[in-house]
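> just a sequence and a predicted model for now, questions to come.
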Amino acid sequence: MNQKLTGVCLAFLFACLFAFNTHAQTTNNTTFGKGLRFVAADSSFSMQLGTRFQLLYQGGHDPNTKNWEDRFLIRRARLKFDGFAFSPRLVYKIELGLSNSDIGSDVPDVTNNADNIILDAVAKWALTPNLHLWVGQAKLPGNRERVISSQKLQFVDRSLLNSRFNLDRDAGLQLHHEHKVGQVVLREIGSLSMGEGRDITVNNSGGYDYTGRFEILPLGDFKGGGDYVGSDIEREQTPKLSLAASYDFNANAAREQAQLGDFLSETRDLRTWFVDAMFKYRGFSAMGEYANRKAPDGPVVLRDERGGVEETFVTGSALNLQAGYLLPSNWEVAGRYTDYTPTTETRLRAQDQYTLGISKYIVGHSLKVQSDVTLIQEAGRDDRTQFRLQMELAL
């Protein structure tokens, strides 16, 4: 573990010791999965500390070598701090990623993201009860699946649609507004951000990123914020539905996937839009998403002498549909279909994925075991299968 990670871990341990040793100044009414919480004696601030990790086994049959290839890894390992500062109207969230999958690559020659520890660092000010200003680094208001926490997913991990087109995290400003008309809930979100992803320390290399999202919940609020939780953990007793659309314009984007991927030798304007929906009722849940990204000036920025694509932005479209049923025993069976269609000019390979998942929720999403098997059909290649088994533990 490098010095930065060691320092982060030590800071977390000291914070925990401080919390335990200042009982006279703290109030701790937490439960399993909710972290360690304390409030200053004068109520001037609060802090909730949480940690979680995912242990993943992943294996699959390689049609080229005819071998079974597999690995164990720590898919995610996180530290999270949140609470209020000075006033309950000003809340904050800090989340750090410690695994190689969180912060970069473990391949020695790929080190451009190796110190990318900070996931979230954002302050949220309640300007009015229904209007909140976010300042800092956080997830952009893009597709629903990306905004759902990786702790609260219905499957072992997010879909191919998300890996190709999600907006991820970025630093800047966001405005969140919510109001009701009768039982109908309406939400409007807008953001202005750097456009190059999380924890970028150099000057802006292109333009800025502008995102807008609108949501309507015609049947009222979901229990426990369930419109951003995989599976119907709350077992909604009346039907609940959320419909949403997002649009993102990244001016002079410098990275191949806007906020993600390699920096390319030229910039392009990228236009991305999403439509998505979530439905839940008595243990049944269904979610659908469609994504489309275009580069009006063409996605390809560099070709070789023979006209082959060497550098390109990832453009095209994708569809993701999934549904599951949570049994009274807290076992869940779920299915997912994902179609990815890249822009022909990029020479990227189209792909379809069919996934069957089985999960056991022991303590909701805080302690669970999930498994899934996926049939992957990729243009120009033999079909292959992938099996995954993962345990999530969150304190």
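Arrived safely.
> so which residues of the stretch 51-200 of the chain form strands?
Residue ranges of the strands in the stretch 51-200 of the chain, as given by DSSP state E, counting those that start in this stretch, are 68-85, 87-97, 118-128, 131-139, 169-181, 184-193.
> shaky segments in this protein?
Scanning the chain for pLDDT under 70 picks out 1-29, 104-115.
> just to revisit the earlier point, same list (the strands of the stretch 51-200 of the chain) but as TSV, adding distance to Tyr290 and mean neighbour count.
All C-beta atoms are positioned from the backbone trio N, CA, C, and that covers glycine. TSV is the format used below for these (distance: least, CB to CB, whole Å; neighbours: other CB atoms under 10 Å):
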stretch	distance to Tyr290	mean neighbour count
strand 68-85	27	16
strand 87-97	28	18
strand 118-128	26	17
strand 131-139	19	18
strand 169-181	22	17
strand 184-193	19	17
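> can you get me the start-to-end distance on stretch 292-311?
End-to-end span of stretch 292-311 (CA to CA, to the nearest Å): 20 Å.
> mind listing what's buried in that stretch?
292-295, 299-301 (16 or more other CB atoms under 10 Å).
> for stretch 244-262, same thing?
Those would be 244, 246, 248-250, 253-260, for stretch 244-262 by 16+ other CB under 10 Å.
> make CSV out of these and add distance to Leu175 and secondary structure.
Compiled in CSV, the buried residues of stretch 244-262 are given as follows (distance: CB to CB, whole Å; DSSP: H, G, I helix; E, B strand; the rest coil):
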residue, distance to Leu175, secondary structure
Ala244, 16, strand
Ser246, 14, strand
Asp248, 15, strand
Phe249, 16, strand
Asn250, 18, strand
Ala253, 22, strand
Ala254, 25, strand
Arg255, 25, strand
Glu256, 29, coil
Gln257, 25, coil
Ala258, 21, strand
Gln259, 19, coil
Leu260, 24, coil
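> report the two of those residues separated the most.
Ala244 and Ala254 (27.8 Å; CB to CB).
> straight-line length of stretch 370-390, end to end?
5 Å.
> quick one: buried residues of it?
370-374, 376, 386-390.
> in strands only, show me these.
Residues from the buried residues of stretch 370-390 lying in strands, with DSSP state E as the criterion: 370-374, 376, 386-390.
> export the residues you listed to a markdown table and tack on distance to Leu119?
Shown next, in a markdown table, are those (distance: CB to CB, whole Å):
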| residue | distance to Leu119 |
| --- | --- |
| Gln370 | 21 |
| Ser371 | 26 |
| Asp372 | 24 |
| Val373 | 29 |
| Thr374 | 26 |
| Ile376 | 28 |
| Gln386 | 26 |
| Phe387 | 28 |
| Arg388 | 22 |
| Leu389 | 25 |
| Gln390 | 19 |
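> fine by me, we can end here.
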